[in-house]
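Novice: the sequence isn't on hand, but the structure is:
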C-alpha cells in the first residue's frame, strides 16, 4: 500500500501541556484508519494538525511526499467532517454541499450535478432546499459527510463521526461510512474515544496515550494482543493483573494465581479476556484459579461473572450460554484458561 | 396576579415615558399655533403637517439627518466589525481589558469628549499645529465645522452601541463554522463575507439601528462640530420649538421623524423573524 500521509516526529505543546510527543504515523492510500484515545491523548490535536487548523511546533507532515505543515487549511486537498458537523445555518443543504465547489470555481451546472450526486450518495435526495435546522441529527451528519465528500478528497478526516448520534443510528451509520469509504476510495482517518467504534470501522487502529502511539495495528491484533496495560484497559473488558515474571511463568500477588505462557522477563502485568476464561469442575496448577462469584449479570449471549480471587483481585469472566447454566452469586468456582490467551504486558 | 405585579413596572414605564409623551406630542402637532403660553391651542388641525409639505426646508432637513445618520451607522459598523472580532477572539482575560478600553472613554462626560475633538480639530488645534510644525501646510486646514468633523464626532460617540451587539453575536458564533469554510477552500476574507457576515447579519442590523435611530435626531454634535449651513432635523426642531415658537410645526416634524424611524425597526423585526 502506498503511503498517502506521513507524520514524522510531530510535537505540539499548548502552554505547559505536551499534546503530541514526537509522534510518527503513516496513513496508506484508501485505508480506514482510527485514532483511538481518551481526552488529552492528543488525537484531536493530531487531526487538527493534519487538517491545518494547528501548526506543529516541530516535525514534518508529508502528503504524497510534499511537506504541508505550513500549508493553510484552504490550500490542502484534505477535508474534514466536524464533530458538531459545522453546517452553515444560513445556507440550504444544497448550498452547504456546494460551498467548497464554489470556492474551487467549479461551474454552476457541474456543481449542481455533483451536489445532487453527493446528496444521493448519503441518501438525502430531495433534501437540497431544506435548512440545517429542519433536519434530524442523523440527517445533519450525512449533509456534513456529503459536503466533505463532494470535494473528492483523497483524505477525509472524521472527528467523532458517530459521537452525536443515538445508539440505534450508530450501527447503521457505521456500516454506511464503511460503504462510502470503499465507494470513494478515499483514505478515512477517524478520531474516536469509543473503542467499539474504532474496532468496528477501521482497517487499522492507533491507540494514543499522552501524545504518543501506545499501539498500532489491525483491530483484531490490538484487541487480542494489547501491548501495554493502558491499551488493555482502554480497549475495555480485559482483566489486567499486576505481578512479576517468575521461573514458572508470571506470579500475580493480587490474583494469587500463577500464569503460564509466553512470558518475557520484563513482563509487569498480564491481560486475560473475560470470554477466554472457562468455569470447570476442578483444576490445579498454573493458569487455574479458585474464587467466589460476587455478582452475575445476564447479558443475552453470555453472563458476566465477577469472581473474587484469593489474592483479592476481581476477575471478570464471560460465561457463554452454550456452556450451560452459569454459577450463581456466592458459588465457589474453579477457573481455567489456555496459555495462549495469557497476554504478557511489558509496560 | 404575580405575573401582573412583575410586569406592572414595565407597563407603567411604557405608559408614563413612551405613550404619554407621544400622545402629548401628537396633540401638539394637531393643535393650532397661538401667541399665548403655551404657544398653542388644542384643536384637530393638520396645519402643522401641511406646513411640512409646503416648505422643502423640512423635507431637506429630514433627508439630511437620515443621510448623516446612515453614514454614522455605516461608519460605526465598518469600525465595529474588526473591533468586535478582535475582542471576541481574544483570550478571556484580555477580552475584559479590551471591553474596558472600549467603554472607558464613556465614563467621561459627553461634552468633554466633544470638547476634546474640537481641541484636536480646530484651526489652532493639535492636528493643525502638528501639520504646520512639520511644514506640511502653511495655514491651518479647515477641519472643524465640516461634515467630516461632524461624522467623526458622531461615530466616536455611538461606536460602543455598534460594537457591543456585534461582540455578543461573534462570541456566540461557532468557531468551527469558520474552520469548516477554511477546510472547504475559503480564505479568511471569503470566510468573513460568506459565513461570518451572513450569520451575524441580525446583530449587524441591530447595531446599525442602535446607532441610526439616536443619530437621526442628534442635535449637540452637529451643532458643535458640523458646518454652520447643515440644517439637520435636530437643529430645525430646536429652532421651531425655541426660536420660532411654532410648536405645532415642531411637533409635527418630531412625529414625522418618529414614524420614519419605525420603518427600519419594522424591517429589522422581519429580518429577525426570518432568521
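Specialist: Structure's in. What do you need? Predicted, not measured: the structure shown is a model, and the values here were computed from it. Numbers count the residues shown, from 1 in each chain, chains lettered A, B, ... in the order given.
Novice: alongside chain A, which residues does chain B contribute?
Specialist: B:174, B:176-177, B:179-187, B:190, B:194-195, B:198-199, B:201, B:275 (CB under 8 Å from any CB of the partner chain). C-beta here means a position set from N, CA and C on the backbone, and glycine is covered the same way.
Novice: residue 154: neighbouring residues, count only.
Specialist: In the absence of a named chain, this looks at chain A. Residue A:154 has 18 neighbours, counted by other CB atoms under 10 Å in any protein chain shown.
Novice: oops, I was thinking of chain B
Specialist: 26.
Novice: and it, how far from chain A?
Specialist: As judged by CB to the nearest CB, to the nearest Å, residue B:154 and chain A stand 31 Å apart.
Novice: helix or strand: which one has that residue?
Specialist: Using DSSP states H and E, residue B:154 falls within helix B:147-172.
Novice: for that helix, packing partners?
Specialist: helix B:56-89, helix B:92-103, helix B:110-121, helix B:201-216, helix B:220-225 (3 or more CB pairs under 8 Å, 6 or more residues apart in numbering or on different chains; DSSP states H and E).
Novice: re the thing from before, which of the residues of chain B next to chain A fall in helices?
Specialist: Members of the residues of chain B next to chain A lying in helices (criterion: DSSP state H): B:176-177, B:179-183, B:190, B:198-199, B:201.
Novice: could you tell me which residues of chain A lie near chain B?
Specialist: So far as CB under 8 Å from any CB goes, chain A lies against chain B at A:51-53, A:72-75, A:78-80, A:82, A:84, A:86-90, A:99-100, A:103-104, A:147-148, A:151.
Novice: in ChimeraX, select just the buried ones from the residues you listed.
Specialist: Buried residues among the residues of chain A next to chain B (16 or more other CB atoms under 10 Å in any protein chain shown), as a ChimeraX selection:
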select /A:51,52,53,73,74,78,79,80,82,86,87,88,90,99,100,103,147,148,151
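Novice: quick one: which of the residues of chain A next to chain B sit in helices?
Specialist: Per DSSP H, these map to helices at A:51, A:99-100, A:103, A:147-148.
Novice: what's the closest of these to residue A:28?
Specialist: Lowest distance from residue A:28 to those (CB to CB) belongs to residue A:51, with 18.7 Å.
Novice: name the nearest residue to that closest one, ignoring sequence neighbours.
Specialist: Leaving aside its chain neighbours, residue A:51 sits nearest to residue A:80 (4.7 Å; criterion: CB to CB, 6 or more residues apart in numbering or on different chains).
Novice: these two touch, right, the one you found and residue A:159?
Specialist: Yes. Here residue A:80 reaches residue A:159: they are 6.8 Å apart, a contact under CB atoms under 8 Å.
Novice: hey, what's in contact with both of these two?
Specialist: residue A:47 (CB atoms under 8 Å, 6 or more residues apart in numbering or on different chains).
Novice: report how many residues lie close to whichever residue of the stretch 1-150 of chain B sits closest to chain A.
Specialist: Using CB to the nearest CB, the single residue of the stretch 1-150 of chain B nearest to chain A is residue B:91, 11.3 Å away. Residue B:91 has 7 neighbours, counted by other CB under 10 Å.
Novice: from residue B:102, how far out is it?
Specialist: Going from residue B:91 to residue B:102 by CB to CB, to the nearest Å gives 17 Å.
Novice: okay, strands next: where are they in the stretch 51-200 of chain A?
Specialist: A:58-63, A:66-67, A:78-81, A:155-159, A:187-192 (DSSP state E, counting those that start in this stretch).
Novice: can you add mean pLDDT and give those strands back as TSV?
Specialist: TSV is the format used below for those (pLDDT from 0 to 100):
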stretch	mean pLDDT
strand A:58-63	96
strand A:66-67	94
strand A:78-81	96
strand A:155-159	96
strand A:187-192	96
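Novice: how about the ones you listed, which one is nearest residue A:23?
Specialist: That would be strand A:58-63 among these, by CB to CB, at 7.5 Å.
Novice: for stretch B:17-24, what is the average pLDDT?
Specialist: Taken as a whole, stretch B:17-24 has an average pLDDT of 94.
Novice: could you do stretch B:144-155 as well?
Specialist: 94.
Novice: in it, what counts as buried?
Specialist: Applying 16+ other CB under 10 Å to stretch B:144-155 flags B:144-147, B:149-155 as buried.
Novice: now, the most widely separated pair of these?
Specialist: Maximum distance among the buried residues of stretch B:144-155 (CB to CB): 16.9 Å, for B:145 and B:155.
Novice: chain A: helices as residue ranges?
Specialist: Under DSSP H, chain A gives helices at A:43-51, A:93-103, A:108-121, A:137-149, A:167-184, A:195-201, A:219-224, A:229-234.
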